[in-house]
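Asks: When you get a sec, could you give me coordinates for this:
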Amino acid sequence: MARAWHLMSRPQGLPTDENFALKPYDLPELGEGQILVRNHWLSVDPYMRGRMNDVKSYVPPFQIDQPMDGGAVGEVVESRADGFSAGDLVLHMGGWRDEAVVDSRMANKLPNLGAEPQAFLGNLGVTGATAYFGLLDVASAKEGDVVFVSAAAGAVGSAVVQIAKAKGMTVIGSAGGEDKCEFVRSLGADHAIDYKAQPILKGLAAAAPDGIDVYFDNVGGDHLDAAFALAKMRARFAICGMIEGYNKAEPAAFRFIMRVIAMRIRMQGFIVFDFQPRMDEFYREMGQMLASGQVKSRDTVVEGIENMPDAFRGLFSGDNVGKMLVKL
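Replies: Numbering: from 1, shown residues only. Model (predicted):
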């Protein structure tokens with residue numbers, strides 16, 4: 001019988017084991033236009049924390065005592081949909097479970113780009129597309145810009161670092177601990193700031209004495225405030241995520257936010273699905289960067305669906321380098 005993680009209660013702060021339950025569930029009968037998928041890889045992403053709250057957002061909240069979902073790559077076991085056959089590998093949103101019945105309109109066969117299947121949950125998936133469109137479109141980053149990237153050792157941040165270097169930018173990345181900073185430098189970053197070793201504002205001022213043109217925000221909090229403090233005239237901020245505040249009840253306070261006015265800072269939040277019609281462009285560009293070695297993938301893999309909550313919590317304690325995945 002299929003198994004899925006269920007949300008049993010709304011977390012207060014960081015989710016605990018009591019908030020989740022891994023339970024058997026009955027798969028619906030396969031209908032016309034649907035496929036049965038056996039999952040091989042499950043995506044673990046910070047945005048899922050927001051779905052555990054009963055609030056209105058760009059995606060609906062998880063329902064209590066119902067199967068959760070998220071990005072997954074799996075193999076078609078049975079198909080009643082045109083264009084899909086048993087054995088096809090597909091990307092879909094029936095994650096947090098080992099098997100799923102999926103409407104074929106919500107599944108995509110993996111394109112033949114010479115990449116491992118799990119890459120389509122990372123640099124060739126929503127993660128890479130978030131980095132690509134956030135940096136180049138939302139922040140209008142261009143050759144010669146000085147770019148500051150927070151959580152630069154994480155899934156999205158590490159992709160931003162590499163795309164920015166491939167496009168001729170100077171890159172400053174922040175990460176927690178010397179090992180992660182070394183990883184960020186190995187991706188080509190010109191400077192890596194260990195925010196655990198010094199205040200982020202002090203580190204950023206030393207790395208960018210003349211200021212920054214672009215800030216790609218994955219963290220919020222003191223990182224965003226440091227970017228306000230060091231922003232050049234008409235700097236552009238792409239606000240992707242604010243993981244520092246996901247488990248906090250009180251919003252962060254900003255000392256330097258008034259510089260938004262004087263420096264004419266353009267700050268824009270975005271969701272990667274805004275760019276869904278341009279995914280062919282993304283596959284072409286990112287596929288070329290991966291093939292040339294300009295962008296490399298690194299994953300943190302947790303084995304077994306039983307460990308999905310631990311992998312999720314690991315995002316908030318910095319356990320991952322690159323993309324966090326669960327392998328079934």
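Asks: give the contact list for A119.
Replies: Each residue near A119 by CB atoms under 8 Å, 6 or more residues apart in numbering is listed here: 125, 290, 297. Every C-beta, even on glycine, is put in place using the N, C-alpha and C of the backbone.
Asks: By neighbours, which of the residues you listed wins?
Replies: When these are compared by neighbour count (other CB atoms under 10 Å), G125 ends up highest, at 24 neighbours.
Asks: Surely that residue and H92 touch.
Replies: No: if you go by CB atoms under 8 Å, G125 and H92 don't touch, sitting 11.3 Å apart.
Asks: Specify the helix with the largest residue count in this structure.
Replies: Longest among the helix segments of the chain by residue count, using DSSP state H, is helix 279-292.
Asks: Tell me which residues are up against it.
Replies: For helix 279-292, the external contacting residues (CB under 8 Å, 6+ apart) are 111, 113-115, 119, 123-124, 128-129, 132-133, 162-163, 166, 275, 295-297.
Asks: Can you tell me which of the contacts of A119 comes closest to E244?
Replies: Nearest to E244 among the contacts of A119 is G125, at 24.1 Å by CB to CB.
Asks: isn't E143 right next to T170, touching?
Replies: No: the pair E143 / T170 is not scored as a contact, 10.0 Å apart, by CB under 8 Å.
Asks: neighbour-wise, which of the two wins?
Replies: Between E143 and T170, T170 has the larger neighbour count (other CB under 10 Å), namely 19 against 8.
Asks: which residues of the stretch 201-328 of the chain fall in strands?
Replies: All strands of the stretch 201-328 of the chain, identified by DSSP state E, counting those that start in this stretch, fall at 212-217, 231-239, 266-269, 299-303, 323-327.
Asks: Relative to M258, which of those is closest?
Replies: Distance to M258, taken as CB to CB, is lowest for strand 231-239 among the strands of the stretch 201-328 of the chain, at 11.5 Å.
Asks: which residues touch the closest one?
Replies: Contact with strand 231-239 is made by 134-135, 138-141, 146, 210-217, 224, 227, 259, 263-270, as judged by CB under 8 Å, 6+ apart.
Asks: Backbone dihedrals for the residue lying closest to A249 once chain neighbours are set aside, please?
Replies: In space, and not counting its chain neighbours, A249 is closest to G13: 7.8 Å by CB to CB, 6 or more residues apart in numbering. Per-residue torsions, G13: phi 80, psi -150 (degrees, to the nearest 10).
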